[in-house]
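**Q** Only the shape, not the letters, is given here:
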């Protein structure tokens with residue numbers, strides 16, 4: 001008879017940020033500066049005395065159930081040991097060739113038949129909204145003043161030079177943060193590629209996955225998905241409204 005330890009599912013929430021699941025089924029993993037500062041007693045003490053009130057609120061809200069690990073060094077689990085891998089608004093921050101290696105790494109740790117759920121900004125939806133607003137603006141020129149926000153939803157985070165949070169700081173702190181932490185890209189804040197249901201299916205198939213499906217924020221082939229609250233906000237609505245949700249399974253025998 002197998003022990004409970006051997007039969008317990010392993011589910012990973014990669015690059016979780018502040019959105020960590022409280023379920024014992026999930027292992028949350030992240031490498032954010034906030035998290036690293038929070039785990040160092042001295043830096044935690046200093047940080048609480050120099051950051052703004054808004055940042056302090058974020059700093060204090062960091063969950064305690066997060067594994068501190070840099071995913072650039074791989075996923076810290078053995079081959080064929082994980083049942084589910086989930087990541088949200090992480091994949092688009094990787095260069096394309098790194099993204100493909102990342103999917104291969106996910107495939108490595110998943111058990112045959114194990115599932116991956118990926119959430120990214122939906123380029124198809126963003127482009128549809130953009131085209132729709134063009135047509136609306138042609139009918140009503142007054143709407144043109146809002147048109148740039150539809151363009152920004154597609155490209156702003158790809159062309160951003162300065163970290164958004166840093167840009168809101170007072171001049172001295174802004175200068176120090178840019179000097180020490182670097183620009184938006186060096187912090188991993190920019191989008192390096194965009195995805196839709198076509199290229200996601202293609203790259204997942206290339207990485208050894210099948211049974212591709214497009215889900216909604218509150219639907220999944222993963223049992224009891226909504227109980228984990230990863231794609232839901234406090235009102236049980238979509239946590240990231242402009243997203244596409246896709247799932248696939250590791251091919252048996254991989």
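**A** On my side now, so go ahead. No experiment lies behind these values; they were computed from the predicted model shown.
**Q** Count the residues that sit near residue 213.
**A** Residues lying near residue 213 (other Cβ atoms under 10 Å) number 15. C-beta here means a position set from N, CA and C on the backbone, and glycine is covered the same way.
**Q** Please, which helix or strand holds it?
**A** Residue 213 is part of strand 209-215 when elements are defined by DSSP states H and E.
**Q** Show me what that strand packs onto, helices and strands only.
**A** Under the contact criterion of 3 or more Cβ pairs under 8 Å, 6 or more residues apart in numbering; DSSP states H and E, strand 209-215 touches helix 197-206, strand 243-250.
**Q** residues of it that come out buried?
**A** 209, 215 (16 or more other Cβ atoms under 10 Å).
**Q** strands paired with it, and their directions?
**A** When pairing is defined by DSSP bridges, strand 209-215 lines up against strand 243-250 (antiparallel).
**Q** Residues contacting the strand it pairs with, please?
**A** 88-89, 107, 110-122, 124-125, 195-197, 200-201, 204, 208-217, 219-222, 231 (Cβ atoms under 8 Å, 6 or more residues apart in numbering).
**Q** so who does residue 93 touch?
**A** So residue 93 contacts 188-192 (Cβ under 8 Å, 6+ apart).
**Q** circling back to that earlier point, who wins for proximity to residue 28 among the helices and strands packed on strand 209-215?
**A** strand 243-250 (18.7 Å; Cβ to Cβ).
**Q** How far off centre is the closest one?
**A** In terms of Cα atoms, centre = their mean, to the nearest Å, the centre of strand 243-250 is found 13 Å from the chain centre.
**Q** mean confidence score for it?
**A** Throughout strand 243-250, pLDDT has a mean value of 98.
**Q** try stretch 31-40
**A** Mean predicted confidence for stretch 31-40 is 63.
**Q** Might you report the residue contacts of residue 199?
**A** Residue 199 neighbours (Cβ under 8 Å, 6+ apart): none.
**Q** Could you measure from it over to residue 100?
**A** The span separating residue 199 from residue 100 equals 11 Å under the rule Cβ to Cβ, to the nearest Å.
**Q** mind showing which ranges of the stretch 51-200 of the chain have poor pLDDT?
**A** 51-63 (pLDDT under 70).
**Q** quick one, helices of it?
**A** With DSSP state H, counting those that start in this stretch as the criterion, the stretch 51-200 of the chain has helices at 53-60, 96-109, 123-139, 147-159, 164-167, 171-181, 197-206.
**Q** Tabulate those (JSON lines), appending distance to residue 10.
**A** Formatted as JSON lines, those follow (distance: least, Cβ to Cβ, whole Å):
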{"stretch": "helix 53-60", "distance to residue 10": "29"}
{"stretch": "helix 96-109", "distance to residue 10": "9"}
{"stretch": "helix 123-139", "distance to residue 10": "31"}
{"stretch": "helix 147-159", "distance to residue 10": "32"}
{"stretch": "helix 164-167", "distance to residue 10": "33"}
{"stretch": "helix 171-181", "distance to residue 10": "33"}
{"stretch": "helix 197-206", "distance to residue 10": "20"}
